[in-house]
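In: build me a structure from this.
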Amino acid sequence: MGAGKSTVGPILANTIGWDFYDLDKVIVKKEKRKIREIFEQSGELYFRDIESKTLHELSECSKVIVALGGGAILSEDNFNLMKRTGKIIYLKVSPEQIFERLKHKRDRPILLNANGEGYTKQELLEKIIKLFDERKSYYEKADFTVETDNIPVGKTVDVLANIILKL
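Out: Numbers count the residues shown, from 1 in each chain. Here you go, the predicted model:
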């Protein structure tokens, strides 16, 4: 979350001539409702089930870049599927940089408190650090790690294109 997947992904796919899918956007189109609405109306378990099913569908495609939501990799089934059908690239970004990128976002359920309101600056930074710490061990199992803190998008795309085209 906030690593730049949805920004870098389409540019990368265009650069190497592949298709791009943002898993969350595919789910929104399928469900005809926003991620936040899915969480509110159907719950996180329902969302995670749809997320896994959609990832399975996309894994059948070739020459695609798929941007995952930050929690998709937490499922062992999802992780194993990704390892089996492609390569996992972790766009590594510090919690502080994530905070800077997300501090004004209100469209992500995980960034809202129980009342559906945004957190204070300190609360949001603590939430990001907590999520990062919980997920870090999963992210570090990726096939490749690319640092994105204070790196221009074009440079990140170049690094990623070089990785993918050498596979």
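In: number of residues surrounding the residue lying closest to residue 16 once chain neighbours are set aside?
Out: Leaving aside its sequence neighbours, residue 16 sits nearest to residue 161 (C-beta to C-beta, 6 or more residues apart in numbering; 5.4 Å). Using the backbone N, CA and C atoms, a C-beta is placed for each residue, glycine as well. Close neighbours of residue 161, defined as other C-beta atoms under 10 Å, add up to 15.
In: and residue 161, how far is that from residue 151?
Out: Per C-beta to C-beta, to the nearest Å, residue 161 is found 14 Å from residue 151.
In: number of nearby residues for residue 42?
Out: Neighbours of residue 42 (other C-beta under 10 Å): 14.
In: equivalent analysis for the one 3 residues further on, please.
Out: By other C-beta under 10 Å, the residues close to residue 45 number 8.
In: where do the strands of the protein begin and end?
Out: 19-22, 64-67, 89-92, 144-147 (DSSP state E).
In: export the ones you listed as a markdown table, with columns for mean pLDDT.
Out: Supplementary listing: the strands of the chain in a markdown table, determined by pLDDT from 0 to 100:
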| stretch | mean pLDDT |
| --- | --- |
| strand 19-22 | 98 |
| strand 64-67 | 97 |
| strand 89-92 | 95 |
| strand 144-147 | 96 |
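In: tabulate those (JSON lines), appending mean neighbour count.
Out: Shown next, in JSON lines, are the strands of the chain (neighbours: other C-beta atoms under 10 Å):
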{"stretch": "strand 19-22", "mean neighbour count": "17"}
{"stretch": "strand 64-67", "mean neighbour count": "20"}
{"stretch": "strand 89-92", "mean neighbour count": "19"}
{"stretch": "strand 144-147", "mean neighbour count": "15"}
